[in-house]
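Trainee: Need a 3D model of the sequence below.
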Amino acid sequence: MKLKKMLWPTLVGLLPIVMGLAVYSKLPEKMPIHWGLDGEPNGYATKLVGVLLIPLIMIVTNIIVQFSLQIANTTNEKLARVMTWLLPALSLVIQFLVLAESLGYHLDVALITMVIVGIIFILLGNYIPKTSQNRVVGFRFPKTMSNPDNWQKTNRIGAIMLVISGLIMIIGGIVSTWYPMVAVLTFGVSLILIVLVPLCYSIRLARKS
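Mentor: Below is the predicted model of the structure:
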């Protein structure tokens with residue numbers, strides 16, 4: 001893995017810590033770090049952990065992901081670039097939500113989370129069909145990993161399901177501001193679309209061949 005490639009994403013990943021330290025004296029001793037589907041905090045950590053935990057996890061995870069992508073030798077450079085910046089960007093957003101809630105600004109976390117997840121799904125759906133067969137990204141089922149044609153067709157269908165799920169997540173997030181239980185339904189439908197539909201399609205292709 002090229003260290004130069006990871007320099008800027010890692011620096012961006014450290015910005016949330018700088019944000020936390022800048023308001024450290026104003027933060028409460030217990031900070032929210034997890035929310036339920038109703039948008040209310042249901043998990044807390046000490047102030048120091050609240051400032052450091054999420055950014056550091058994201059940085060380490062991003063390094064592992066990039067190392068894995070290099071080993072996988074995927075030919076989709078655009079997807080690799082998206083994956084390089086995805087976790088640092090997520091870290092910034094999540095830390096902003098944590099700090100805002102800690103400072104008394106109650107934001108609609110469920111809506112923001114679902115919109116962000118929807119955008120991520122749509123982004124991945126646009127790049128995954130162009131990804132070569134590998135063991136890190138894409139719809140990696142037994143049949144897709146053993147058959148290049150199955151891989152290509154299944155990932156094409158899976159990508160469509162990702163885009164549809166992304167749109168559903170965004171719409172569901174908006175509707176959930178009035179009807180919170182819609183969030184649960186939205187996650188369930190999205191899970192079916194991006195897991196069961198591609199899996200069943202891959203199995204069906206294998207049986208036909």
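
Trainee: for the strand or helix carrying R204, packing partners?
Mentor: Per DSSP states H and E: R204 is located in helix 197-208. Applying 3 or more Cβ pairs under 8 Å, 6 or more residues apart in numbering; DSSP states H and E, we find helix 197-208 packed against helix 142-146, helix 148-175. For every residue, glycine as well, the C-beta is placed using N, CA and C.

Trainee: can you pull the buried residues of it?
Mentor: Buried residues in helix 197-208, counted by 16 or more other Cβ atoms under 10 Å: 197-199, 201-202, 205-206.

Trainee: Stretch 157-172 too?
Mentor: 157-159, 161-166, 168-170, 172.

Trainee: So which residues make contact with it?
Mentor: Stretch 157-172 is contacted by residues 114-115, 117-122, 124-126, 128-129, 138-139, 182-183, 185-186, 189-190, 193-194, 197-198, 201 when judged by Cβ atoms under 8 Å, 6 or more residues apart in numbering.

Trainee: Now the buried residues of stretch 157-172 in CSV, please, with extra columns for pLDDT.
Mentor: Compiled in CSV, these are given as follows (pLDDT from 0 to 100):
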residue, pLDDT
I157, 97
G158, 97
A159, 97
M161, 98
L162, 98
V163, 97
I164, 98
S165, 97
G166, 97
I168, 97
M169, 96
I170, 97
G172, 95
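
Trainee: Looking at these, which one is closest to I94?
Mentor: For these, the closest approach to I94 (Cβ to Cβ) belongs to M169, at 16.6 Å.

Trainee: If you drop the residues flanking it in sequence, what lies closest to the closest one?
Mentor: G118 (3.4 Å; Cβ to Cβ, 6 or more residues apart in numbering).

Trainee: just checking, that neighbour is part of a strand?
Mentor: No - using DSSP: H, G, I helix; E, B strand; the rest coil, the assignment for G118 is helix, not a strand.

Trainee: Isn't it up against I174?
Mentor: No - in this structure, G118 is not within contact of I174 by Cβ atoms under 8 Å, at 10.0 Å.

Trainee: neighbour-wise, which of the two wins?
Mentor: Remark: of G118 and I174, G118 carries more neighbours, 23 against 14, as counted by other Cβ atoms under 10 Å.

Trainee: can you tell me which residues contact the more buried one?
Mentor: Residues in contact with G118 (Cβ under 8 Å, 6+ apart) are 165-170, 173.

Trainee: The residues you listed: which two are farthest apart?
Mentor: Pairwise distances among the contacts of G118 were taken by Cβ to Cβ; the largest, 12.2 Å, belongs to S165 and G173.
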